[in-house]
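**Student:** Structure, please.
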Amino acid sequence: MPPATDDPLRVLMVMHMPASRELGGARVQLELADELRASGCEVQILDRGEILGGRRAGRMGVSPAEFAAAAVRRVREIAQDYDVIDAHQGNLPVSKRRLGFDGLLVTRSVGLVPFYQEFARTSRRRRPETS
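**Tutor:** Now for the predicted structure:
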């Protein structure tokens, strides 16, 4: 464990959505960032727009896998500047080593992603689309 210092904890939050309080999942993460800041942490939000740059920001423009690959590339560039990286499930699907990161990597679920994915697969098999 590193020695205690007076330096604030540096937290990077990675979001697969725009950093907007009008969106449910984003709002929760933004409120958590506010609480961390109130506790003395330095918090940086890296949202969908910053990760994708000029690419189309809508869900149809970039698959979850493409987003994750872009997020991993971007986080690798700046990971060493943080003590904690917080990301939603699936946003950074690689090891800390592959990110070049030695701190705490937190992955949170905003829902039952595997459950919903299985439901979607089952639904397509049971009710195939017809023309």
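
**Student:** Identify each of the helices in this structure and give its residue range.
**Tutor:** 24-38, 48-52, 64-78, 96-99, 113-126 (DSSP state H).

**Student:** Compare the mean pLDDT across those helices and name the weakest.
**Tutor:** Here the lowest mean pLDDT among those goes to helix 113-126, at a mean of 77.

**Student:** I would like the residues contacting that helix, please.
**Tutor:** 89-90 (C-beta atoms under 8 Å, 6 or more residues apart in numbering). In short, each C-beta sits where N, CA and C put it, glycine included.

**Student:** Model confidence for residue 41, exactly?
**Tutor:** Residue 41 is given a pLDDT of 97.

**Student:** Start at 26, not 1
**Tutor:** OK, 26 is where the count begins now, so the last one is residue 66.

**Student:** quick one on the thing from earlier: now render the helices of the chain as CSV, adding distance to residue 34 and mean neighbour count.
**Tutor:** Converted to CSV, those look like this (distance: least, C-beta to C-beta, whole Å; neighbours: other C-beta atoms under 10 Å):
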stretch, distance to residue 34, mean neighbour count
helix 49-63, 8, 15
helix 73-77, 21, 18
helix 89-103, 16, 16
helix 121-124, 17, 13
helix 138-151, 28, 10
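
**Student:** pretty sure residue 130 contacts residue 108?
**Tutor:** No. Look at residue 130 against residue 108 with C-beta atoms under 8 Å: they stay out of range, at 10.7 Å.

**Student:** between the helices of the chain, which gets nearest to residue 39?
**Tutor:** helix 89-103 (5.7 Å; C-beta to C-beta).
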